[in-house]
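> show me how the following folds:
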Amino acid sequence: MAGLSLCNSSAHTQATTPPANSGAGEKKPPAVPVGEKASEPKPADKTAAPAPQLPGPEKLLNGGNFWDHWKYISEEEKEANRNVTWKVISGGKDQPSVLVCSGKPYGYIRTQKVYENFQFSLEWMYPNDPNANSGILLFTAEPDKVWPKAFQVQLHRPEAGYVFPTPGSGAKSANKLSPTMPLDLPVGKWHQCVLTCRSGNISVMINGAKLGEVTGCDPSKGAIALQSEGSEIHFRKLVVEVLSPEPAAQPKEPVAQQKPDQP
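Residues are numbered from 1 along each chain as shown. Reported below is the predicted structural model:
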């Protein structure tokens with residue numbers, strides 16, 4: 001009985017033990033028909049959506065009919081003639097046209113369009129008055145009135161470059177811009193102003209010098225306006241360019257690798 005029991009146990013063990021390398025528990029790839037190639041996995045589509053195309057610089061003085069770009073607002077609008085207060089005259093051969101503002105009555109012209117992230121540039125000149133007064137209004141909001149909810153870039157000759165919310169309009173900002181000393185802006189000479197507005201911030205540059213920045217502007221978008229404020233003033237080269245909300249990232253310079261010390 002002992003021998004028979006041992007034999008039966010051995011046979012049972014061999015029947016229940018799987019053979020080596022049988023592949024039990026592993027999944028086999030599906031068979032590929034003869035003459036066909038196995039399909040390769042497609043690479044992931046890494047193509048990013050193209051950035052929106054910006055319209056490019058827009059001329060607001062020499063680009064067609066002047067009043068197609070601007071709206072006239074005056075404290076005496078019923079009696080005033082917009083073509084008397086604001087006149088476009090030829091600048092002569094190979095020279096840009098000039099917008100002449102008489103300064104009377106008080107008021108402004110504003111762009112028909114609303115801008116949020118943009119750069120606005122112009123040149124202006126005081127023809128004869130050393131105390132000439134005018135200004136540029138940014139983020140100008142409706143209703144149209146004298147004076148509107150906006151941020152003023154001062155062009156009053158002794159204080160040119162100051163930036164502040166229109167008093168009593170409800171416009172607010174985190175700070176104001178007050179240049180430390182008057183700019184040297186002689187009469188009878190053209191001066192350049194470049195204003196860069198992004199995400200509610202206003203950066204001011206006059207005659208190539210950056211004066212500073214006003215941040216946290218509310219409102220942070222609106223029309224661009226030029227003031228008629230009692231003095232004759234001339235403008236030319238009015239150009240606005242829409243910008244992306246954030247400036248383009250500048251490429252980083254490679255870090256120079258240090259050579260190991262020689263023995």
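> in the stretch 51-200 of the chain, which spans are strands?
58-59, 70-74, 86-89, 98-101, 107-111, 118-125, 135-141, 149-154, 163-165, 191-198 (DSSP state E, counting those that start in this stretch).
> adding distance to residue 240 and mean pLDDT, write the ones you listed out as a markdown table.
Any C-beta I mention is one placed from the backbone N, CA and C, and that applies to glycine too. A markdown table is the format used below for the strands of the stretch 51-200 of the chain (distance: least, Cβ to Cβ, whole Å; pLDDT from 0 to 100):
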| stretch | distance to residue 240 | mean pLDDT |
| --- | --- | --- |
| strand 58-59 | 5 | 92 |
| strand 70-74 | 12 | 95 |
| strand 86-89 | 17 | 94 |
| strand 98-101 | 14 | 97 |
| strand 107-111 | 7 | 97 |
| strand 118-125 | 5 | 98 |
| strand 135-141 | 11 | 98 |
| strand 149-154 | 14 | 97 |
| strand 163-165 | 18 | 96 |
| strand 191-198 | 10 | 97 |
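> and residue 229, which of these is closest to it?
Closest to residue 229 of those, according to Cβ to Cβ: strand 135-141, at 6.6 Å.
> strand partners (parallel or antiparallel) of the closest one?
Sheet pairing for strand 135-141, assigned by DSSP bridges, gives strand 149-154 (antiparallel), strand 223-228 (antiparallel).
> okay, those strands in CSV with mean neighbour count next?
Conversion of the strands paired with strand 135-141 to CSV gives the following (neighbours: other Cβ atoms under 10 Å):
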stretch, mean neighbour count
strand 149-154, 24
strand 223-228, 25
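> mind putting the ones you listed in JSON lines, distance to residue 212 included?
JSON lines is the format used below for the strands paired with strand 135-141 (distance: least, Cβ to Cβ, whole Å):
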{"stretch": "strand 149-154", "distance to residue 212": "11"}
{"stretch": "strand 223-228", "distance to residue 212": "20"}
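> so what's residue 75 up against?
Counting by Cβ atoms under 8 Å, 6 or more residues apart in numbering, residue 75 makes contact with 105-107, 146.
> tell me which of the strands paired with strand 135-141 approaches residue 201 most closely.
Counting by Cβ to Cβ, and looking across all of the strands paired with strand 135-141, nearest comes strand 149-154 at 10.7 Å.
> most neighbours among the contacts of residue 75, please name it.
Ranked by the number of neighbours (other Cβ atoms under 10 Å), the contacts of residue 75 place residue 107 first, at 27 neighbours.
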